[in-house]
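Visitor: Sequence and predicted structure are below.
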Amino acid sequence: MAFGAVILLVAAALAILAPVLWTVDPQQINPARRLRPPSREAWFGTDMFGRDLWSRVVYGTRVSLIVGFGVMAISVSIGLAIGLVSGYVRRLDAVVMRLMDGMMAIPAILLAIALMSLTKPSIGNVVIAISVAEIPRVVRLVRGMVLTLREEPYVAAAVTSGSRMPRILLRHVLPNTMAPLLVQGTYVFAAAILIEAALSFLGAGTPSSVASWGNIIAEGRSLFLLATWIVLIPGFFLSLMVLAINLLGDGLRDALDPRFTKRL
């Protein structure tokens with residue numbers, strides 16, 4: 001977990017301080033410096049338009065973190081609300097879960113592509129499209145926990161004492177769902193970064209004018225044999241970011257699981 005947390009902190013620092021530490025415009029074209037390999041002047045080399053790849057990768061980190069955090073916040077918030085109500089109100093459960101099952105039958109990347117085809121490419125639309133694809137997974141997780149928690153004696157005691165449903169959900173059920181939901185949020189974060197890169201690679205994600213890892217890889221694929229660094233470097237950072245988030249999620253799962261803590 002420590003490794004994942006360190007990588008995320010470093011990535012966040014680079015993304016926030018990019019305009020201050022690196023004044024090179026990621027979109028600045030310089031034909032005289034095109035396709036230069038990594039060197040002291042250009043740490044990650046340059047692309048087919050002479051743009052500095054280091055600057056583009058750093059600015060691409062900002063896009064990935066914005067998309068990942070935005071999708072996690074939206075999908076967890078909406079999925080939590082739907083899952084709480086669906087799991088507690090039996091009459092709504094069948095209808096809501098059949099809708100969620102229908103959405104989960106479609107792969108997340110295909111659903112995101114279909115939604116993006118209805119709008120214009122932008123970071124905001126990418127966040128919304130991926131969030132819609134990830135909400136059903138959060139709903140199923142929360143609903144499963146609520147089905148177990150509503151049978152607990154303290155919930156039955158709250159119902160007997162006359163407590164209303166909102167109070168029961170917020171005071172007795174919600175706190176017991178936060179630990180698994182936090183872990184699920186990290187996996188949603190990682191999945192969102194991968195899906196955004198795939199959408200951008202296919203031309204259905206962020207605009208080509210935005211320096212994102214998917215766009216960089218897509219632009220360099222036709223020159224892979226001539227300038228492999230254009231594809232390998234952003235691909236490495238994409239893999240490292242997803243690995244760090246997954247390790248963080250695994251660490252949180254072990255730390256928040258009372259059975260694992262008891263074994264230790």
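Guide: Thanks, I have it. Numbering: from 1, shown residues only.

Visitor: before we move on, which element is P234 in?
Guide: helix 229-256 (DSSP states H and E).

Visitor: Show the average pLDDT along that helix.
Guide: The average pLDDT within helix 229-256 is 90.

Visitor: helices and strands around that helix, which ones?
Guide: helix 2-21, helix 53-88, helix 178-202, helix 213-220, helix 258-263 (3 or more C-beta pairs under 8 Å, 6 or more residues apart in numbering; DSSP states H and E). C-beta here means a position set from N, CA and C on the backbone, and glycine is covered the same way.

Visitor: Reformat those helices as JSON lines; add mean neighbour count.
Guide: Shown next, in JSON lines, are the helices and strands packed on helix 229-256 (neighbours: other C-beta atoms under 10 Å):
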{"stretch": "helix 2-21", "mean neighbour count": "14"}
{"stretch": "helix 53-88", "mean neighbour count": "22"}
{"stretch": "helix 178-202", "mean neighbour count": "22"}
{"stretch": "helix 213-220", "mean neighbour count": "24"}
{"stretch": "helix 258-263", "mean neighbour count": "8"}
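
Visitor: would TSV of those helices with distance to T148 be doable?
Guide: Putting the helices and strands packed on helix 229-256 into TSV (distance: least, C-beta to C-beta, whole Å) gives the following:
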stretch	distance to T148
helix 2-21	29
helix 53-88	9
helix 178-202	11
helix 213-220	39
helix 258-263	15
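
Visitor: Lowest mean pLDDT across the ones you listed, which one is that?
Guide: Across the helices and strands packed on helix 229-256, helix 258-263 has the smallest mean pLDDT, namely a mean of 52.

Visitor: ok, back up a step: residues of the helix holding P234 that come out buried?
Guide: The neighbour-count check on helix 229-256 (16 or more other C-beta atoms under 10 Å) flags 229-231, 233-234, 237-238, 241-242, 244-249, 251-253 as buried.

Visitor: Once you drop chain neighbours, what's closest to M103?
Guide: The shortest distance from M103 to any non-neighbouring residue, by C-beta to C-beta, 6 or more residues apart in numbering, is to P136 (4.6 Å).

Visitor: One more: R150?
Guide: That would be Y88: by C-beta to C-beta, 6+ apart, it lies 5.7 Å from R150.

Visitor: Pull up the gap between that neighbour and R164, please.
Guide: 12 Å (C-beta to C-beta, to the nearest Å).

Visitor: end-to-end on stretch 166-185?
Guide: 23 Å (C-alpha to C-alpha, to the nearest Å).

Visitor: hmm, back to that, tell me the pLDDT of the residue nearest to M103.
Guide: Confidence score, pLDDT, at P136: 93.

Visitor: Do I have it right that it meets R98?
Guide: No - contact between P136 and R98 fails when scored by C-beta atoms under 8 Å: they sit 11.0 Å apart.

Visitor: who has more neighbours, those two?
Guide: A count of neighbours by other C-beta atoms under 10 Å puts P136 above the other of P136 and R98, at 25 against 9.

Visitor: If you count neighbours, what's buried in the helix or strand hosting that one?
Guide: Per DSSP H and E: P136 is located in helix 123-149. In terms of neighbour count (16+ other C-beta under 10 Å), helix 123-149 has its buried residues at 123, 125-143, 145-146, 149.

Visitor: on that earlier part again, from I109, how far off is the residue nearest to M103?
Guide: In terms of C-beta to C-beta, P136 sits 14 Å off from I109.
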